[in-house]
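S.K.: Structure for this input, please:
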Amino acid sequence: MTSLLGPGAPVLAFDVGGTDLKSALVAPDGELLGVQRTPTPVQPEHTEKSVLETITRLGAALREQHPSISPEAVGLIAPGVVDDERGLGLFAENLNWHDVPFRDLAEKAFGLPASFTHDVRAAGEAEYRLGPASAYRDALVVTIGTGIAAAIFIDGKPVAGDGYAGELGHSVIAPGGEPCACGGRGCLEAIASAASITRRYNRLTPSPVPGAREVLERARAGDTDAEAVWITALDALGLGLSHATALLAPEVIVLGGGLAQAGDALFNPVRERLYSHLTFHRRPKLMHASIGQNAGLVGAALRARAVLETP
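M.R.: Next up is the predicted model:
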């Protein structure tokens, strides 16, 4: 990661996910030190308290492990609806918090300037600024994992919509269809995320699988239930991306997240379906994400460094 981030201020970076919380100390040369994955301490309510306790502990451990490096800022990212400008976690259906001033709380906990943003926007910014998509002005970076969300860049600038933009996973693809964690039905995420592919297949089989990768393996082996679930997900992704294309006319769509690891088994049929829904529209290139599994940490570090550069 050294060559990606490049030189700059040392910072602490935290990526809070629905399952795991990643942490790292970013050295002055841009290297990610002490990258660690810790279970996210999800609570029935007010998960933010246990998250802040955990990152404070992890940050102290990183400082102790690397005493020659003094972080100058903190970058914190999380899923849900996030107001970047005010540093608020407005809502996270899987983490049980509402209206939490994460940026202020992180600054108080560490005694350092802090940034707080959405995890997909941060990973998308890393991909957009440091990956092949940097050659384009209009781009979508779509993460397909436990959920589905997009980072939007128009004329080279991110679009956040006060935290509400980019919720591609909660656009309705099949009205009245699969229930979604957001409270709606038929959302793209409820059909085509890695978690929903696994969940939908396990309802059909007496021998459940741990993830979407195994669903694809069974589809390739001739399991008709697995094949039906996989094809339905591809159909939904192609349709969902066509709606985003009609609205935003991206030059490129970058796909990342766990499901993107399926490679050509995902990209080729999704591209075919996407293009089949387009007529006069601009046809975006479909590209693989390039930053890797630590894209969120890299994005958190970019945001933390940006805080120090803000007058």
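S.K.: Could you check how far Leu237 is from Lys49?
M.R.: The gap separating Leu237 from Lys49 is 36 Å, by Cβ to Cβ, to the nearest Å. C-beta here means a position set from N, CA and C on the backbone, and glycine is covered the same way.
S.K.: likewise Ser290?
M.R.: For Ser290, the distance to Lys49 - Cβ to Cβ - is 36 Å.
S.K.: for Asp83, same thing?
M.R.: 20 Å.
S.K.: what about Arg273, how many residues close to it?
M.R.: Neighbour count of Arg273, defined by other Cβ atoms under 10 Å: 19.
S.K.: so what's it up against?
M.R.: Arg273 makes contact with 234-235, 237-239, 242, according to Cβ atoms under 8 Å, 6 or more residues apart in numbering.
S.K.: again, only using 10 Å
M.R.: 231, 234-242 (Cβ atoms under 10 Å, 6 or more residues apart in numbering).
S.K.: List the contacts of the residue nearest the centre of the chain.
M.R.: For the chain, Val120 is the residue whose C-alpha lies nearest the centre (Cα atoms, centre = their mean; 3.2 Å). Listed by Cβ under 10 Å, 6+ apart, the contact partners of Val120 are 77, 79, 82, 141-143, 145, 147-151, 166-169, 256-257, 295-296, 299.
S.K.: Phi, psi for the nearest residue to Val74 once chain neighbours are set aside please.
M.R.: Leaving out its chain neighbours, the residue that sits closest to Val74 by Cβ to Cβ, 6 or more residues apart in numbering is Ala114, at 4.1 Å. Dihedral angles of Ala114 (phi, psi; degrees, to the nearest 10) stand at phi -140, psi 160.
S.K.: For Ala114, report the pLDDT, please.
M.R.: Ala114 carries a pLDDT value of 97.
S.K.: Offset the numbering so it begins at 604, please.
M.R.: In the new count, where the first residue is 604, that last one comes out as Ala717.
S.K.: a strand runs through His701, doesn't it?
M.R.: Yes. Assessed by DSSP: H, G, I helix; E, B strand; the rest coil, His701 belongs to a strand.
S.K.: Thank you, goodbye.
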